[in-house]
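In: pasting the sequence and the predicted coordinates here, then a few questions.
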Amino acid sequence: MEITIRDEFIKLGQLLKLAGIAGSGIDAKIMIENGEVTVNGETELRRGKKIREGDVVAADGTTITVKSLM
């Protein structure tokens, strides 16, 4: 799945909501804290991690590639 962002970055929790993987910010927080999310192949535990163009996020069996309009 590809997600296109308008800005330089999007925070990890916001990306999970935008992609429909997390139903809410609380759901995203729990997934991240439980080590269920990877960014570029590494487990990420920070909800506020800045995700930029080219980053690959995987969670709940879904892989997201981030593109930017900038």
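Out: Received, thanks.
In: make it CA atoms for all contacts and neighbour counts henceforth
Out: Noted.
In: can you show me the strands along this structure?
Out: Secondary structure of the chain by DSSP state E: the strands cover 2-5, 9-11, 37-39, 42-43, 50-52, 56-59, 62-68.
In: can you count the residues close to the closest residue to Ser68 other than its chain neighbours?
Out: Nearest-residue entry for Ser68: Ile5, 4.9 Å, with adjacent residues in sequence omitted and distances by Cα to Cα, 6 or more residues apart in numbering. Using other Cα atoms under 10 Å, Ile5 has 17 other residues around it.
In: rewinding a little: which of the strands of the chain sits closest to Met31?
Out: Closest approach to Met31 among the strands of the chain is made by strand 37-39 (6.7 Å; Cα to Cα).
In: just the buried positions in the closest one, please.
Out: Neighbour-count burial for strand 37-39, counted by 16 or more other Cα atoms under 10 Å, picks out 37-39.
In: looking at those, which one is closest to Gly54?
Out: When the buried residues of strand 37-39 are compared for distance to Gly54 (Cα to Cα), Val39 comes out closest, at 10.6 Å.
In: need the contact list for that closest one.
Out: The contact partners of Val39, taken as Cα atoms under 8 Å, 6 or more residues apart in numbering, are 55-58.
In: buried members of those into ChimeraX, please.
Out: Selecting only the buried members of those in ChimeraX, with burial defined as 16+ other Cα under 10 Å, works like this:
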select :56,57,58
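In: same list (the contacts of Val39) but as TSV, adding distance to Ser24 and pLDDT.
Out: What follows is the contacts of Val39, written out as TSV (distance: Cα to Cα, whole Å; pLDDT from 0 to 100):
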residue	distance to Ser24	pLDDT
Asp55	22	98
Val56	21	98
Val57	17	98
Ala58	17	98
